[in-house]
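[1] how does the following fold in three dimensions:
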Amino acid sequence: MITAAVVFASSLLLYYLYRAKKNSDWEKKCAAGNIPTVVVQFLGDARNPFHALVPKSLVRFNSNWHFEFKYKLFEENNSNVVGVINGGYLVVNVADPEAVEEICRRRDDFTKPLWMYKFVELFGPNVISTEGAVYNMHRKIVSPPFSEKNNKLVAQSSVKQTKGAIAQWESNVAEKSNINTEAFSRKITLHVLAESSFGFDFDWIPKNDQVPAGHKISFQQAIPAMVDKMLLAMVIPKQAYGLPIKVIKDTGLSVIEFESYVRESIEREAKLLDQGEPRTNLLSAMISKNRGELTDDEIVGNAFLFLVAGTDTSSGTITYILYHLAIYQEEQEKWYQEVKQVVGDRELTYEDYPKLATYPLCFVYEVLRMFPPIVGVPKTCSADQPILGGKYVIPAGADIVMDCCGTHYSTEVWGPDAASFNPSRFDNRANDPTVPVYYKKGSFYPFSEGVRMCLGKKFAQVELIFIVSTLLQKYKVQLPDDFSVARAKKILDESVFSITLRPQSNIPIKLTQR
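    I've put the predicted structure just below:
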């Protein structure tokens with residue numbers, strides 16, 4: 001027993017000494033590169049063996065620290081580039097727009113840490129999990145489908161699905177007075193994604209949800225099931241799906257059914273292409289651009305990416321938009337008046353988008369500035385890399401995070417009201433009517449930045465604007481009378497990052513007919 005205790009204590013001491021040596025080495029390298037550092041002490045180190053036993057008050061840099069700190073880390077260190085040394089690892093956090101733009105531009109010097117993206121290779125490599133020549137091949141096939149034709153389909157689907165939700169609310173007065181915002185956002189995002197990505201046209205209230213031959217669940221059931229089990233699917237090996245454990249069996253079912261439906265969709269869209277009847281969904285367009293470069297596994301892998309990227313991010317943003325509409329009534333009225341001026345009472349069409357990509361887009365951007373789905377964009381470098389003309393030198397082997405929250409809340413970039421909700425900060429019409437929405441390059445990157453910017457940026461913008469604009473044509477979005485603005489803001493301020501940034505609890509909203 002004593003021997004075991006001695007071995008354990010010795011091992012712990014050696015670990016601590018090793019970690020302390022690595023921390024010291026990083027401190028010296030950062031000092032040589034003019035990068036201020038914060039060293040996380042042992043008790044507050046998320047990588048120490050007893051992390052779970054340490055009181056949360058001592059763990060300053062937890063998994064949510066980017067959102068909790070916002071610009072605070074950079075203010076405290078009087079620098080927009082700060083290294084955090086934690087458990088023998090260095091993460092250089094960047095909140096300088098020029099540095100962000102430079103890091104994105106120098107793709108060969110600052111690369112994507114591919115190991116962090118292996119979890120999205122459940123079905124095969126895709127455009128987000130690859131680099132270099134392989135990435136270029138994927139991008140060549142995957143990028144063109146995000147076209148004006150597809151954006152038009154997104155607009156049509158967004159309007160149709162929102163009207164379906166409205167029809168349901170009109171038949172249920174009680175439901176309209178207390179909307180489950182998260183459930184609505186998730187369902188409408190999945191429905192728009194199903195049609196615009198996979199060519200499946202879902203009714204808001206299913207009329208006929210029959211299970212096709214050879215399947216155990218319908219595709220309308222398979223998509224949300226895949227989203228629900230996404231994290232489990234990424235860690236449970238497929239060989240374990242036969243185990244008599246319900247959660248594993250359910251996960252296996254969602255994976256098998258989703259993959260089966262996507263492969264059937266590939267065959268269907270390929271046949272339509274051969275018959276000269278191409279459709280405008282992403283899968284069809286991707287198949288039409290593929291000339292044997294991507295395997296079926298890689299096409300399925302990219303289809304899975306559409307699901308991953310198109311659900312959590314968009315549904316979370318719709319949720320935040322609805323909450324902000326309810327909290328900031330004057331800003332909601334500005335959005336509504338712009339919609340009324342452009343379309344009146346008629347149904348929105350995609351041709352209206354340029355005129356709606358004004359104040360409504362400013363509102364969307366301000367929500368994304370304050371509540372970005374992804375709180376940081378990771379990079380790495382294999383050699384010492386000077387940035388900003390040599391002002392800083394990032395040491396080889398360091399991890400790098402382009403800190404969205406730090407940059408988005410920077411008072412140097414956005415002024416003294418950086419922590420306040422103000423969509424007008426993006427409104428550039430008074431300066432240049434031809435560029436109605438403007439921000440400085442590198443200062444705002446919820447869709448990332450540079451060549452690797454999200455391919456679905458406009459897809460998402462069209463979806464968000466058309467869903468919300470259609471809703472505002474019919475209703476005012478409000479908080480219930482017994483739910484204060486201060487309480488709603490507190491819930492927003494306590495948002496937590498897991499896969500994406502999300503509120504910890506639901507804010508009830510009610511819809512009042514105009």
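
[2] every contact and neighbour count from this point should use C-alpha atoms.
    OK.

[3] who touches R502 in this structure?
    Contacts for R502 (CA atoms under 8 Å, 6 or more residues apart in numbering) come out as G316, P373, S495, V496.

[4] and the nearest residue to the first one once chain neighbours are set aside, how close does it get to K440?
    Distances taken as CA to CA, 6 or more residues apart in numbering put R502 closest to G316, at 6.4 Å, once the chain neighbours are dropped. Spatial separation of R502 from K440 under the definition CA to CA, to the nearest Å is 26 Å.

[5] still on that earlier bit, backbone dihedrals for the residue nearest to G316, please?
    With angles defined as degrees, to the nearest 10, R502 sits at phi -140, psi 150.

[6] tell me what it is bridged to.
    V496 (DSSP bridges).

[7] coming back round to it: including pLDDT, could the contacts of R502 go into JSON lines?
    As requested, those are exported to JSON lines (pLDDT from 0 to 100):
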{"residue": "G316", "pLDDT": "94"}
{"residue": "P373", "pLDDT": "95"}
{"residue": "S495", "pLDDT": "96"}
{"residue": "V496", "pLDDT": "94"}
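
[8] sketch out the low-pLDDT regions of the protein for me.
    For the chain, the stretches with pLDDT under 70 are 1-2, 41-59, 173-177, 208-209.

[9] and the helix or strand harbouring L253, how far out from the chain's middle?
    According to DSSP states H and E, L253 maps onto helix 246-274. Its chain's C-alpha centre and that of helix 246-274 lie 24 Å apart, by CA atoms, centre = their mean, to the nearest Å.

[10] now for that helix, which elements pack on it?
    When contacts are defined as 3 or more CA pairs under 8 Å, 6 or more residues apart in numbering; DSSP states H and E, helix 246-274 packs onto helix 219-228, helix 230-235, helix 282-289, helix 296-327.

[11] can you give me the buried ones in it?
    248, 250-263, 265-266, 269-270, 273 (16 or more other CA atoms under 10 Å).

[12] please enumerate the strands of this protein.
    Using DSSP state E, the strands found in the chain span residues 37-39, 81-86, 89-94, 376-380, 385-387, 392-394, 399-403, 475-478, 496-497, 501-502, 510-513.

[13] quick check: buried residues in the fifth one?
    Within strand 385-387, the residues that count as buried by 16+ other CA under 10 Å are Q385, I387.

[14] same check on the last one?
    Under the neighbour-count criterion of 16+ other CA under 10 Å, strand 510-513 has K510, L511 buried.

[15] off-centre distance for it?
    29 Å.

[16] show me what it is packed up against.
    strand 475-478.

[17] same for the strand it packs on, what does it pack against?
    Contact analysis of strand 475-478 by 3+ CA pairs under 8 Å, 6+ apart lists helix 296-327, strand 510-513 as its packing neighbours.

[18] from the rest of the structure, what touches it?
    With contact meaning CA under 8 Å, 6+ apart, strand 475-478 is reached by L322, L325, A326, I327, Q329, I509, K510, L511, T512, Q513, R514.

[19] and which of these is nearest to V343?
    R514 (15.8 Å; CA to CA).

[20] how about the closest one, what does it touch?
    Q473, K474, Y475, K476.

[21] roughly how far apart are the second one and Y323?
    In other words, K474. Going from K474 to Y323 by CA to CA gives 17 Å.

[22] those two: who's more crowded?
    Y323 (23 against 16; other CA atoms under 10 Å).

[23] tell me the spatial nearest neighbour of the more buried one, not counting adjacent residues.
    I507 (7.0 Å).

[24] run through the residues that contact the one you found.
    Applying CA under 8 Å, 6+ apart, the residues near I507 are T181, Y323, A488, I491.

[25] look up how far Q168 lies from it.
    21 Å.

[26] with N93 instead?
    Going from N93 to Q168 by CA to CA gives 46 Å.

[27] those two - which one has more neighbours?
    N93 (26 against 15).

[28] quick one: S469 and V339 touch, right?
    Yes - look at S469 against V339 with CA atoms under 8 Å: they come within range, at 6.5 Å.

[29] save the strands of the chain as a markdown table, and put in distance to S10 too.
    Output for the strands of the chain, formatted as a markdown table (distance: least, CA to CA, whole Å):
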| stretch | distance to S10 |
| --- | --- |
| strand 37-39 | 23 |
| strand 81-86 | 21 |
| strand 89-94 | 22 |
| strand 376-380 | 33 |
| strand 385-387 | 38 |
| strand 392-394 | 34 |
| strand 399-403 | 30 |
| strand 475-478 | 61 |
| strand 496-497 | 36 |
| strand 501-502 | 40 |
| strand 510-513 | 61 |
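
[30] among these, which comes closest to N290?
    Relative to N290, the nearest member of the strands of the chain by CA to CA is strand 376-380, separated by 29.1 Å.
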